[in-house]
Each structure stands twice: as structure tokens, then as C-alpha cells.
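>>> Got a predicted structure plus its sequence, pasted below:
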Amino acid sequence: MSKCDNCKKSITKASPGLECSKCERIVHLNPKCTGLTNKQIAALKAASSLEWTCNECQQESPRRNSSIITPYDDDEDDETPVQINAKKLLTNISKEVEKAIKREMTQVSDSLQFHSAKLDEAVECIESFKKTIKALERRNMELINKNNNLETRVGALEQRLQEMEQEKLGRFVEIANVPKQKDENVKLLVNKIALHLKQSTEDIKSARRLYGRNDQSTNILVELNDEKIPGNWINAAKNIKPTVVQVLSNELNNNNTIYVREAMTKHHKHLFWNAKQELKVNHNYKYVWFKQGLVKARKDDGDKICTLRSMNDIHQLINNQD
């Protein structure tokens, strides 16, 4: 076992040694045996490439100096070990971390408060919109009800107006299927028809031919003196069934039947025509007729008689049948 050349004590793992790079003398690796400072010894331990020479070799070869010299001498400081207070260090670190967390939490809290305020504003707007929508829905429902009421009243008024106009035609009859003659005398023609129907010509107050589109001749409108007379003319025409040749001598080959019926307003003519088309033609109604100012229909013998006052009544009949 090697011994230190200075203190003559053994070199061990606990007290390692340092070998001179020139004379190969071995001393303990401490300031006392080597004459080095703590920093110089630490440098030798850290760098294996550094060489150390003992004092005797340095005196023999002054030019060759492998000693480590610090820029300043602080042996006393180097010999004092640096002690670290771990508890205090951890406390300081904890405080710094706590401060950083508080700063972050403050920023997060401010952000949350900002967004919370914005969310509250959005919720208030939504609630306001809901109230507005409910008010609009309520107002819309009121307007719908009012509109339905007005439509019902207008429909009733229109129906009453149609009835009043039809009542004005209570003393009138229409004669259909009579061809227009050149320079015809409508009053004289109606007198001939009255005589053929065995009706008094004195009951006739006025007579004129009606015209349709493009001045196309249509029926003859006859005004009678009393509301009871039109029924007599209509019944007589159904029984006698006069023809054109019996009234007009120049129509020798015209055996078409002349029809006498109640006078109708434009509304009732339109309603009557649609009733025949929709009910008789398309839905096999056996009877559709006009009597005493009303359009009526019956599906078959023994069925209920339905009074038609508007197109809605026709559609309702069709829907009930379907």
C-alpha cells in the first residue's frame, strides 16, 4: 500500500493520492500535502489531462510549471464549504410558483368574468327575443282569428247580397233556346210564346234579349207583373214543351224545345253550371236544379235535398261523398 511522501500516511480510497508528473512522488490529494487550493484540487479531479508537479520538481525546473494558479487568492473562501438550505429553497420556489399560479388564475378569472358577462347579455337578449316572439305569435293569432271572422262576415254579406239580387228577379223568367231573328221584335215574340203557353199577354211588363260575350245572343229576359206569374209560365212550358217552329214560322226545320225557367243572377248561373258539372257529370248526382232563387242537388231518389249557396257547399258535398 502506497504512503504519502509528506505525511507518511497510507493512501486509501477515503484519502486518495496525487502523483507528480515528473518524479512520480505520491502525496495525499489535499491542500496540506499538495500545497494546492481547494479550487485547484477540484480542477485536477475534473480534468484528467491536467498534470501536477511537486514543489521539489518545480524548484529544479522553474520553467516547467504544471501547477494551477487561480487569478486571485481566496483560500479561506474555498476552504469554506457552500451549504444549501433545501427547505428554504423549496419554500422560495413554492412561493414563486404560487405567485405565478395566482397571476394565471387572476387572468383566467378575469376572462371568465368577461365571458360570463357576455353570456348574461346573450341570455337576456334570448329572453327578450322569446318574449317578443310570444307577443308576435299572440298578435298573429289574434289577426288570424280576426281575419277568419271578417271572411265569415264578408261571406255572409256577399251571400245576403246575392239573395237580395235574386229576390229582385222574382217577377222575371228567362226564355232559352229561341234563335235571334233579323230585326226581331222581342215583345211580339214573347207574346207569341205566351199565347202558345196559354198565358195572358197582359201579364208581360217588358221583354229584352240578353247578350253574352262578343254580343252573342242568349236568352230572353221577361218581366211579369206579379211574382206569382213566373211559376205559371214555367209549369206551362214543362207540360206543353213548345218548339221553335211553333213560334217562328221561318224556322221550319227547327224542332228544338223552348225552355222557360226562373231568371238567375250571374252568381247563381255560375254556381248552377258548376254544380251540374261537378255533381252530375263527375260525381253521378241524379238531380241538380234551380228553384225559388236557390240551387239544389240530390244524389238519388229519397236522398236528402242539399241547398248550394257557394262553391264551398259543392266542395263539401264532394268531400263528404269521398
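Everything's here; your move.
>>> Identify each buried residue in the host helix or strand of W273, please.
Using DSSP states H and E, the element containing W273 is helix 266-275. Judged by neighbour count using 16 or more other Cβ atoms under 10 Å, the buried positions of helix 266-275 are H267, H268, L271, F272, A275. Heads up, the C-betas are built off the backbone N, CA and C, glycines and all.
>>> How far off centre is that helix?
Offset of helix 266-275 from its chain centre (Cα atoms, centre = their mean, to the nearest Å): 43 Å.
>>> Which secondary structure elements does that helix sit against?
Counting contacts by 3 or more Cβ pairs under 8 Å, 6 or more residues apart in numbering; DSSP states H and E, helix 266-275 packs against helix 86-168, strand 287-291, strand 294-298, helix 311-321.
>>> phi, psi of K286?
Note on K286: its backbone torsions stand at phi -80, psi -40 [degrees, to the nearest 10].
>>> Okay, it and N239: tell me how far apart.
Separation of K286 from N239 (Cβ to Cβ, to the nearest Å) stands at 22 Å.
>>> Neighbour count for those two, which is higher?
K286 (12 against 8; other Cβ atoms under 10 Å).
>>> Find the nearest non-adjacent residue to that one, please.
D300 (5.1 Å; Cβ to Cβ, 6 or more residues apart in numbering).
>>> and what of L317?
Closest to L317 by Cβ to Cβ, 6+ apart is C306, at 6.1 Å.
>>> So what sits opposite the one you found in the bridge?
Beta bridges link C306 to A297, judged by DSSP bridges.
>>> follow-up on the earlier one: looking at it, the residue nearest to K286 is touching L279, isn't it?
No - in this structure, D300 is not within contact of L279 by Cβ atoms under 8 Å, at 11.7 Å.
>>> Looking at those two now, which is surrounded by more residues?
Higher neighbour count among D300 and L279: L279, with 23 against 9, using other Cβ under 10 Å.
>>> Please enumerate the helices of the stretch 151-300 of the chain.
186-196, 229-240, 244-247, 266-275, 282-283 (DSSP state H, counting those that start in this stretch).
>>> could I get those helices as a markdown table with mean pLDDT and distance to T132?
What follows is the helices of the stretch 151-300 of the chain, written out as a markdown table (pLDDT from 0 to 100; distance: least, Cβ to Cβ, whole Å):
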| stretch | mean pLDDT | distance to T132 |
| --- | --- | --- |
| helix 186-196 | 94 | 68 |
| helix 229-240 | 94 | 62 |
| helix 244-247 | 90 | 73 |
| helix 266-275 | 92 | 45 |
| helix 282-283 | 88 | 49 |
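>>> can you put these in a markdown table and add distance to E124?
Shown next, in a markdown table, are the helices of the stretch 151-300 of the chain (distance: least, Cβ to Cβ, whole Å):
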| stretch | distance to E124 |
| --- | --- |
| helix 186-196 | 81 |
| helix 229-240 | 75 |
| helix 244-247 | 85 |
| helix 266-275 | 57 |
| helix 282-283 | 60 |
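>>> of all those, which lies closest to E142?
Closest approach to E142 among the helices of the stretch 151-300 of the chain is made by helix 266-275 (32.2 Å; Cβ to Cβ).
>>> Show the pLDDT at the residue nearest to L317.
Looking at C306, its pLDDT reads 93.
>>> number of nearby residues for it?
For C306, using other Cβ under 10 Å, the count is 19.
>>> if I pick it, what's in contact with it?
Listed by Cβ atoms under 8 Å, 6 or more residues apart in numbering, the contact set of C306 reads K296, A297, R298, D313, L317.
>>> just N253 next, same as before
With contacts defined as Cβ under 8 Å, 6+ apart, N253 is in contact with V245.
>>> between the buried residues of helix 266-275, which is closest to N254?
Using Cβ to Cβ, the buried residues of helix 266-275 come closest to N254 at F272, 25.6 Å.
>>> In this structure that closest one contacts A297, no?
No - with contact defined as Cβ under 8 Å, F272 does not reach A297; the gap is 10.0 Å.
>>> between those two, what contacts are shared?
Joint contacts of F272 and A297 (Cβ under 8 Å, 6+ apart) are V288.
>>> on that earlier part again, what are the C-alpha coordinates of the helix holding W273, in PDB please?
C-alpha atoms of helix 266-275 as PDB (Å, rounded to 0.1, in the frame of the first residue of the first chain):
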ATOM      1  CA  LYS A 266    -124.700  36.000 -62.700                       C
ATOM      2  CA  HIS A 267    -123.600  34.400 -59.500                       C
ATOM      3  CA  HIS A 268    -126.400  31.800 -59.400                       C
ATOM      4  CA  LYS A 269    -125.800  31.000 -63.100                       C
ATOM      5  CA  HIS A 270    -122.100  30.300 -62.400                       C
ATOM      6  CA  LEU A 271    -123.000  28.300 -59.300                       C
ATOM      7  CA  PHE A 272    -125.700  26.300 -61.100                       C
ATOM      8  CA  TRP A 273    -123.400  25.500 -64.000                       C
ATOM      9  CA  ASN A 274    -120.500  24.400 -61.700                       C
ATOM     10  CA  ALA A 275    -123.000  22.300 -59.700                       C
END
